[in-house]
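Asker: quick check, what structure comes out for this input:
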Amino acid sequence: MAAQSPGDSSTMTAAPASAGTSLVVCSLEPWGTVRRRIRILVDEFVGLDPSLRVLFVAPAVDIPHELKRGGLKELRGPRLEQVHPRIHVLRPRKWLPRFIGPFADRSLGRQVLHAVARLGLDRPVLWVNDASYAQFSLRTGWPTLYDITDDWLLAPLAPRQRDRLMTDEALLLTHSRAVVVCSPDLARTRGRDRKVELIPNGVDVELFRTPQPRPSSLPPAPVAVYVGTVHEWRIDVPLILELAEARPELQVALVGPNFLPAEVTAQLEQVPNIHLLGSQPYDRVPGFLQHADVVIIPHLVNPFTESLDPIKAYECLAAARPTVATPVAGFRHLGPPVVVADRSRFVEATAAALAGAGPEGLPGTPGEAEIPSWRQRAETMASVVAQVRLHGAQR
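Answerer: Presented below is the predicted three-dimensional model:
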């Protein structure tokens, strides 16, 4: 078993075995102030089930990579941390790269088992979002739910990474008790050979409808706001540059974690009316949308984005500010306040939306479409987890 880090004993409390139902979540998303689908669903789960205890396994800290770039700060944090009376977060350490053999995956699995034992979790359900835990699922025999939120097979991966992902996903699709997908495209591609459950994303409607003050980091009006991951696989950087050049009086604010290459980031930073505002706490995101003169979704339209169910689509509906999106999955079928425009018409449509925008600062009038809440999605997901647990108990 992995050794306990110095911070473990002060940041966690061991619990007796059989303290209620338990869930181990192997996530591609970190646990932090930027709340994404899995983090939100876990928060909802503990509200729905007062006996539930969760071990959230965050992406591993890559030790060789961190040492190479001098990121010692990442190594000083606690390995196992209690973030809620019934939720612990494990940040395992990856000491070796995966290409040298199975040692890295086995080490990660041992760290998860060590945390499960420390917390006294009794035969948990395994919720796998990170497919690299496929072999761990087989070795433990824990009843497993495979949750697919992105089609990473369509991303520009190195051949070795793609082959490994294909192998891991094939194992999970074959052996998991349930497979959940978040988009119709994923339901089509993963539902060819087995039953899958389609559970799309949602939104905290009340949070996004409650007026918030104007964020101090938001540039002066008129401002176009994009909220989401700034990644070259998703966002159309040339289109953003085209908009900024065509409308120099318009401030373009990109709100979200920046994963662009350094040279692309530098290119954007050289444009005076483009602002990279970085990640923001989830409860402050509504303020950026509410105080936008126009919300923009300049997404690439490609097979990878076709597989997504963008959370920002639900947030735009709730905030109800004028929104212009490229014809990407998740937005194409939406009505007001969303306008869908081809790439060639995006700048023109943004200008028209600005001309017709009402005063910023208050949520607009929502359209006729029903806006699904995260609580509704969590209740559906919880029913799937319950079936997985039941089938595991009957073995």
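Asker: would you mind listing the buried residues in stretch 294-313?
Answerer: 294-300, 304-313 (16 or more other CB atoms under 10 Å). C-betas here are computed from N, CA, C, even on glycine.
Asker: to clarify, my last question referred to stretch 93-107.
Answerer: Result for stretch 93-107 [16+ other CB under 10 Å]: buried residues R93, K94, L96, A104, D105, S107.
Asker: how about JSON lines for these, with distance to M166, secondary structure and pLDDT added?
Answerer: Below are the buried residues of stretch 93-107 laid out as JSON lines (distance: CB to CB, whole Å; DSSP: H, G, I helix; E, B strand; the rest coil; pLDDT from 0 to 100):
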{"residue": "R93", "distance to M166": "26", "secondary structure": "strand", "pLDDT": "90"}
{"residue": "K94", "distance to M166": "21", "secondary structure": "strand", "pLDDT": "85"}
{"residue": "L96", "distance to M166": "22", "secondary structure": "coil", "pLDDT": "74"}
{"residue": "A104", "distance to M166": "18", "secondary structure": "helix", "pLDDT": "79"}
{"residue": "D105", "distance to M166": "16", "secondary structure": "helix", "pLDDT": "83"}
{"residue": "S107", "distance to M166": "23", "secondary structure": "helix", "pLDDT": "89"}
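Asker: for V225, give me phi and psi.
Answerer: Per-residue torsions, V225: phi -120, psi 130 (degrees, to the nearest 10).
Asker: for it, name its beta-bridge partners.
Answerer: V225 has these beta-bridge partners by DSSP bridges: A253, V295.
Asker: hmm, it is touching G287, no?
Answerer: No - V225 lies out of contact with G287 (CB atoms under 8 Å); the separation is 10.1 Å.
Asker: what's the distance between the lengthiest helix in the chain and the middle of its chain?
Answerer: Ranked by residue count under DSSP state H, the longest helix found in the chain is helix 374-393. Centre-to-centre, helix 374-393 and its host chain are 20 Å apart (CA atoms, centre = their mean, to the nearest Å).
Asker: equivalent analysis for stretch 177-190, please.
Answerer: 16 Å.
Asker: what does stretch 106-120 give?
Answerer: Counting by CA atoms, centre = their mean, stretch 106-120 comes out at 24 Å from the chain centroid.
Asker: can you map out the helices along the stretch 51-200 of the chain?
Answerer: Assigned by DSSP state H, counting those that start in this stretch, the stretch 51-200 of the chain shows helices spanning 63-68, 72-76, 103-119, 134-140, 159-175, 184-190.
Asker: possible to save the ones you listed as CSV with distance to R234?
Answerer: Shown next, in CSV, are these (distance: least, CB to CB, whole Å):
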stretch, distance to R234
helix 63-68, 23
helix 72-76, 25
helix 103-119, 27
helix 134-140, 25
helix 159-175, 18
helix 184-190, 15
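Asker: circling back to that earlier point, now, the most widely separated pair of the buried residues of stretch 93-107?
Answerer: Using CB to CB, the buried residues of stretch 93-107 span at most 13.1 Å, a distance reached by R93 and D105.
Asker: just the ones of the buried residues of stretch 294-313 in strands?
Answerer: Judged by DSSP state E, the buried residues of stretch 294-313 include V294, V295, I296, I297 as members of strands.
Asker: pick out the most distant pair among those.
Answerer: It's V294 and I297 that sit farthest apart of these, by CB to CB, at 10.5 Å.
Asker: give me the common contacts of those two.
Answerer: When contacts are counted by CB atoms under 8 Å, 6 or more residues apart in numbering, the set common to V294 and I297 consists of T323, V324.
Asker: once you drop chain neighbours, what's closest to P303?
Answerer: Nearest non-adjacent residue to P303, counting by CB to CB, 6 or more residues apart in numbering: L154, 4.6 Å away.
Asker: residue contacts, that neighbour?
Answerer: Contacts of L154 (CB under 8 Å, 6+ apart): N302, P303, F304, S307.
Asker: same thing with T167?
Answerer: Applying CB under 8 Å, 6+ apart, the residues contacting T167 are A134.
Asker: related to what we said a few turns ago, lowest average pLDDT across the helices of the stretch 51-200 of the chain?
Answerer: Sorting the helices of the stretch 51-200 of the chain by mean pLDDT places helix 72-76 lowest, at a mean of 60.
Asker: mind checking how far R118 is from Q82?
Answerer: Separation of R118 from Q82 (CB to CB, to the nearest Å): 11 Å.
Asker: of those two, who's got more company?
Answerer: Shown here are R118 and Q82; by other CB atoms under 10 Å, R118 has more neighbours (20 against 15).
Asker: against R194, how distant is the more buried one?
Answerer: R118 is 35 Å from R194, by CB to CB.
Asker: now A313
Answerer: On the measure of CB to CB, A313 and R194 end up 27 Å apart.
Asker: do the same with A386
Answerer: From A386 to R194 the distance is 20 Å (CB to CB).
Asker: for E206, same thing?
Answerer: 37 Å.
Asker: check K94 too.
Answerer: Here K94 is placed at a distance of 30 Å from R194 (CB to CB).
Asker: neighbours of E232, how many?
Answerer: Neighbours of E232 (other CB under 10 Å): 13.
Asker: OK, contacts around it?
Answerer: F259, L260, P261, V264.
Asker: check contacts around the first one.
Answerer: Under the criterion of CB under 8 Å, 6+ apart, the contact partners of F259 comprise T229, V230, H231, E232.
Asker: which of those count as buried?
Answerer: Buried, going by 16+ other CB under 10 Å: T229, V230, out of those.
Asker: any chance of the contacts of F259 in JSON lines, with pLDDT and secondary structure too?
Answerer: Below are the contacts of F259 laid out as JSON lines (pLDDT from 0 to 100; DSSP: H, G, I helix; E, B strand; the rest coil):
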{"residue": "T229", "pLDDT": "91", "secondary structure": "coil"}
{"residue": "V230", "pLDDT": "94", "secondary structure": "strand"}
{"residue": "H231", "pLDDT": "91", "secondary structure": "coil"}
{"residue": "E232", "pLDDT": "90", "secondary structure": "coil"}
